[in-house]
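Chemist: quick one: sequence and predicted model below, then my questions.
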Amino acid sequence: MNLTAKICFPNAKNVTDRFHVVKLVMEALQHIRVQHRWKAIEDENEAIATAKKESKKHKPVVLSNGDTKKQLLARSRYIIVKKKKDWTDNQKQRAEILFKLYPSIESAYKHTLEFRSIYEEKCKIKAKQRFEYWFEDTEKLEFKNFNTAVNSIKYHFETILNFFNNRSTNANAESFNSKIKLFRTNQRGGRDTKFFLFNVSST
């Protein structure tokens, strides 16, 4: 596809869509949450086994909002993908408990917000500087989960920075693609390609 684009559009700049770049960093954040959740599950299983040996009934520790640690980490999945201003009152309470118990998740969350804010820059040079500072901060914070994201961003750095030329996204292409899929569904497929393309161009 890159070769086709170069031949057909020699003056065009290839852009890595911001959605996929941010998603990569968000997945690193979620991975940290999941690691803590697995640890909480292991701890709970050990506590259950110990209680069973002692012929006692296991009672999990319940936090101030009614969650156990395992539930807290599971229910925080959608909280950490939002900005603080978008949290509901319940989510604010859950996030406060989460960050108090797991400071590493809070640090990773703030680090992710810093990355997302880079895309608010209008200047390509400033954006490049902020990306590089973010790479350095990742090394200092020793977030191993973010290393994969950093390596991938560095590999595609030129096309990622091309976003800041015109703040281009593939939203229009995705929208157009969705319309074609809907049209094909409504037409129950299209065996005759030429006729199908004719119908698409006519709508």
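Modeler: Cool, the structure landed.

Chemist: do you know how far residue 155 is from residue 149?
Modeler: Separation of residue 155 from residue 149 (C-beta to C-beta, to the nearest Å) stands at 11 Å. Every C-beta, even on glycine, is put in place using the N, C-alpha and C of the backbone.

Chemist: of these two, who's got more company?
Modeler: Neighbours per residue (other C-beta atoms under 10 Å) separate residue 155 from residue 149, with residue 149 holding more: 23 against 10.

Chemist: counting by contacts, list what the helix or strand where that one lies packs against.
Modeler: Following DSSP states H and E, one finds residue 149 within helix 147-155. Applying 3 or more C-beta pairs under 8 Å, 6 or more residues apart in numbering; DSSP states H and E, we find helix 147-155 packed against helix 18-53, helix 124-141.

Chemist: of all those, which one comes closest to residue 201?
Modeler: Nearest to residue 201 among the helices and strands packed on helix 147-155 is helix 18-53 (28.1 Å), distances taken as C-beta to C-beta.

Chemist: which helices and strands does the closest one pack with?
Modeler: helix 69-75, helix 103-118, helix 147-155.

Chemist: try it again with 10 Å
Modeler: helix 69-75, helix 89-101, helix 103-118, helix 124-141, helix 147-155, helix 157-161, helix 163-166, helix 171-186 (3 or more C-beta pairs under 10 Å, 6 or more residues apart in numbering; DSSP states H and E).

Chemist: CSV please, covering these and showing mean pLDDT and distance to residue 17.
Modeler: What follows is the helices and strands packed on helix 18-53, written out as CSV (pLDDT from 0 to 100; distance: least, C-beta to C-beta, whole Å):
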stretch, mean pLDDT, distance to residue 17
helix 69-75, 95, 30
helix 89-101, 96, 28
helix 103-118, 96, 14
helix 124-141, 94, 15
helix 147-155, 94, 13
helix 157-161, 94, 9
helix 163-166, 90, 8
helix 171-186, 68, 9
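
Chemist: report how many residues lie close to the closest residue to residue 82 other than its chain neighbours.
Modeler: Take residue 82 and drop its neighbours on the chain: the residue closest to it by C-beta to C-beta, 6 or more residues apart in numbering is residue 91, 7.5 Å away. Around residue 91 there are 18 other residues, counting by other C-beta under 10 Å.

Chemist: can you check the one 4 residues further on too?
Modeler: Summarising burial for residue 95: neighbours were counted as other C-beta under 10 Å, giving 20.

Chemist: heads up, I number from 403, so please use that
Modeler: In the new count, where the first residue is 403, that last one comes out as residue 497.

Chemist: and the residue nearest to it when sequence neighbours are not counted, how close does it get to residue 411?
Modeler: In this structure, residue 497 finds its nearest non-sequential neighbour in residue 481, 5.3 Å apart by C-beta to C-beta, 6+ apart. Distance of residue 481 to residue 411, given as C-beta to C-beta: 42 Å.

Chemist: about what we covered before: contacting residues for the residue nearest to residue 497?
Modeler: 435, 488, 489, 490, 492, 493, 494, 496, 497, 500, 511 (C-beta atoms under 10 Å, 6 or more residues apart in numbering).
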